[in-house]
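In: mind looking at a prediction? Sequence and model below.
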Amino acid sequence: MSTFSLIISSPDGDLYRGEASRLILRGAEGDLAVMAGHVPFVTAVRKGRCVLEDGEGLRRTGLIEAGLLTVDREKTTVLTTGVHWKDE
């Protein structure tokens, strides 16, 4: 599966930096998924469920706080106050 560069960052530093095959979270208009080759856009992130599938196929699920999602051709960036992964 194709991957894209993903950075999830908080005021405390990067929470994730690496390749991802899919990111699912709640945007301003509802739930959305970002995959490789997604059209560039910017949206607010609403507090809710977050699913990250990394470049090796490992899946992490958690609760993301509000923030901002930016998708461009080189990378996808999520700026948030925090993510609480279920496996941590």
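Out: The structure has been received and is ready for your questions. Numbers count the residues shown, from 1 in each chain.
In: adjacent strands (with direction) for the helix or strand of the chain with the lowest mean pLDDT?
Out: The weakest-scoring helix or strand in the chain, judged by mean pLDDT, DSSP states H and E, is strand 83-85 (a mean of 92). Strand 83-85 pairs in its sheet with strand 59-64 (antiparallel), by DSSP bridges.
In: run the chain-centre distance for the strand it pairs with.
Out: How far strand 59-64 lies from its chain's middle: 9 Å, per CA atoms, centre = their mean, to the nearest Å.
In: same thing with stretch 52-68?
Out: Counting by CA atoms, centre = their mean, stretch 52-68 comes out at 6 Å from the chain centroid.
In: got a list of contacts for it?
Out: The contact list for stretch 52-68 (CB atoms under 8 Å, 6 or more residues apart in numbering) reads 1, 3, 6, 8, 16, 18-26, 42-51, 78-88. For every residue, glycine as well, the C-beta is placed using N, CA and C.
In: give me the angle between the helix or strand hosting R17 and strand 59-64.
Out: If you go by DSSP states H and E, R17 is part of strand 13-27. Inter-element angle recorded for strand 13-27 and strand 59-64: 80 degrees (by axes from the mean of the first three to the mean of the last three CA atoms, to 10 degrees).
In: please write out the alpha-carbon positions of the next helix or strand after strand 13-27 in PDB.
Out: Next in sequence after strand 13-27, counting helices and strands by DSSP H and E, comes strand 30-34. The C-alpha coordinates for strand 30-34 follow below in PDB (Å, rounded to 0.1, in the frame of the first residue of the first chain):
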ATOM      1  CA  GLY A  30     -17.300  15.000   9.800                       C
ATOM      2  CA  ASP A  31     -15.100  11.900   9.700                       C
ATOM      3  CA  LEU A  32     -12.400  11.800   7.000                       C
ATOM      4  CA  ALA A  33      -9.600   9.600   5.900                       C
ATOM      5  CA  VAL A  34      -6.300  10.700   4.400                       C
END
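In: ok, what's across the strand from H84?
Out: Per DSSP bridges, the residues bridged to H84 are L63.
In: ugh, wrong one, R17
Out: R17 has the following beta-bridge partners by DSSP bridges: I7.
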